[in-house]
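[1] okay, predicted coordinates and the sequence, questions at the end:
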2 protein chains.
Amino acid sequence: MSKQELELIGQDGACCPEVSAAPLDEGRAAELAKVFKALGDPVRLRLLSMIASRAGGEVCVCEMTPAFDLSQPTISHHLKLLRQAGLIDCERRGTWVYYRILPGALDRLAAFLATPHTEGATA
Amino acid sequence: MSKQELELIGQDGACCPEVSAAPLDEGRAAELAKVFKALGDPVRLRLLSMIASRAGGEVCVCEMTPAFDLSQPTISHHLKLLRQAGLIDCERRGTWVYYRILPGALDRLAAFLATPHTEGATA
C-alpha cells in the first residue's frame, strides 16, 4: 500500500467507520444526521454540486443566485446550512462571498456509506 | 477495464454522476434529496447501521426495537421511510418482519459523494 493510500485512509476513514462496520452510537449518529439533513434538500444539493463541479473550486454567490428562482437571502440561508454542516466554506472578497467545498468532507461521507462487500452486487 | 469494473460503473455511476461532475438538474436533485433526507435522522442512521453491519445481512424488527427508547410503531415508521428512500427492503416471515440493505443503494450514494480529485487533499 502506498503512502498516499495510507494517508487517504487516515483522512477519510479514521473519524468515520463505515455504516457497515458496526451499529452507530447515539453521538456519532446525531453528528452524521446533521450532515445528511443538510444534504436532504434539492436546492442545497444543487448548490453543492455547482460548487463541487467548478473547475477552479470556488463559486461566487453572485453566480449561484441566477440559477434559482429564489431570492439571494434564501440562497444565502441554504449556503449557511451547508457551511454549518461542515461541507463548504466561504470567504468574503470585496462585495461578494465565494464558496468552496471543504477538502475531504464529501469523501468522508462517501467512505461512511461505501460497503466493503460491493462485489456481491455484480454477481 | 474488466467486465466487473464496467458493471460496477454501470450500477454505481450510470444513474448518478458524482456531485463534482456537473451541476445537478432539478429532477435528480429532488430524487437524491429524498434519500439524504431519509438519512438525516439519528434514529434512522442507527437503524441503517444495525442492518448494514449485521453479518447475515438481515435483522428482525424485534431485535431493533429494544435498542431504542421508542415504541415499535415509531421504529416501524422510521424503517418505512428508509424503505421508501430505496435504502432497505423487508420481508415478513411469520410474526416478524426482517430488514436488509438493498444491494448497491449505499454504494451509489457513496459514488455520488466521492470526489475524484481527493489526491490534492493529501499534499
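    Received it, and whenever you're ready, just let me know what you need.
[2] I'd like the distance between residue A:81 and chain B.
    Distance, residue A:81 to chain B, by Cβ to the nearest Cβ, to the nearest Å: 11 Å. Backbone N, C-alpha and C define where each C-beta goes, glycine included.
[3] can you map out the strands along chain A?
    Per DSSP state E, chain A carries strands over the ranges A:59-60, A:88-93, A:96-101.
[4] quick check: which of these is nearest to residue B:25?
    Between residue B:25 and the strands of chain A, the tightest spacing by Cβ to Cβ is seen for strand A:59-60, at 17.2 Å.
[5] run the chain-centre distance for the closest one.
    A distance of 16 Å separates the C-alpha centroid of strand A:59-60 from that of its chain, computed with Cα atoms, centre = their mean, to the nearest Å.
[6] same check on stretch A:63-77?
    Computed by Cα atoms, centre = their mean, the chain-centroid distance of stretch A:63-77 equals 19 Å.
[7] what's in contact with that stretch?
    A:43, A:46-47, A:50, A:61, A:79, A:97, A:99, B:23 (Cβ atoms under 8 Å, 6 or more residues apart in numbering or on different chains).
[8] start to end distance for that stretch?
    Stretch A:63-77 has an end-to-end distance of 16 Å (Cα to Cα, to the nearest Å).
[9] ditto for stretch A:89-105
    Start-to-end span of stretch A:89-105 (Cα to Cα) is 11 Å.
[10] what's the answer for stretch A:74-93, then?
    End-to-end distance (Cα to Cα), stretch A:74-93: 20 Å.
[11] and that stretch, what's buried?
    With burial defined by 16 or more other Cβ atoms under 10 Å in any protein chain shown, the residues of stretch A:74-93 counted as buried are A:75, A:78-79, A:81-82, A:85-90.
[12] over to stretch A:40-56?
    Across stretch A:40-56, burial judged by 16+ other Cβ under 10 Å covers A:40-54.
[13] check stretch A:27-34 too.
    Quick answer for stretch A:27-34 (16+ other Cβ under 10 Å): A:28-29, A:31-33.
[14] which parts of chain A are helices?
    Assigned by DSSP state H, chain A shows helices spanning A:3-13, A:26-39, A:42-52, A:61-64, A:72-84, A:105-113.
[15] what's the angle from the longest one to helix A:42-52?
    In this case it means helix A:26-39. 90 degrees (axes from the mean of the first three to the mean of the last three Cα atoms, to 10 degrees).
[16] sorry, back to before: closest one to chain B among the strands of chain A?
    In terms of Cβ to the nearest Cβ, the element of the strands of chain A nearest to chain B is strand A:96-101, at 7.4 Å.
[17] how about the strands of chain A in JSON lines, adding distance to residue A:19?
    Shown next, in JSON lines, are the strands of chain A (distance: least, Cβ to Cβ, whole Å):
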{"stretch": "strand A:59-60", "distance to residue A:19": "30"}
{"stretch": "strand A:88-93", "distance to residue A:19": "23"}
{"stretch": "strand A:96-101", "distance to residue A:19": "22"}
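[18] save those as CSV, and put in mean pLDDT and distance to chain B too.
    Output for those, formatted as CSV (pLDDT from 0 to 100; distance: least, Cβ to the nearest Cβ, whole Å):
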stretch, mean pLDDT, distance to chain B
strand A:59-60, 96, 10
strand A:88-93, 96, 12
strand A:96-101, 95, 7
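[19] of those strands, which approaches residue A:108 most closely?
    strand A:96-101 (11.8 Å).
[20] CA atoms of that closest one as PDB?
    Included here for strand A:96-101 are C-alpha records, laid out as PDB according to Å, rounded to 0.1, in the frame of the first residue of the first chain:
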ATOM      1  CA  TRP A  96     -19.100  39.100  -2.800                       C
ATOM      2  CA  VAL A  97     -18.800  35.900  -0.900                       C
ATOM      3  CA  TYR A  98     -17.000  33.000  -2.600                       C
ATOM      4  CA  TYR A  99     -17.800  29.400  -1.600                       C
ATOM      5  CA  ARG A 100     -15.700  26.200  -1.900                       C
ATOM      6  CA  ILE A 101     -16.000  22.600  -0.800                       C
END
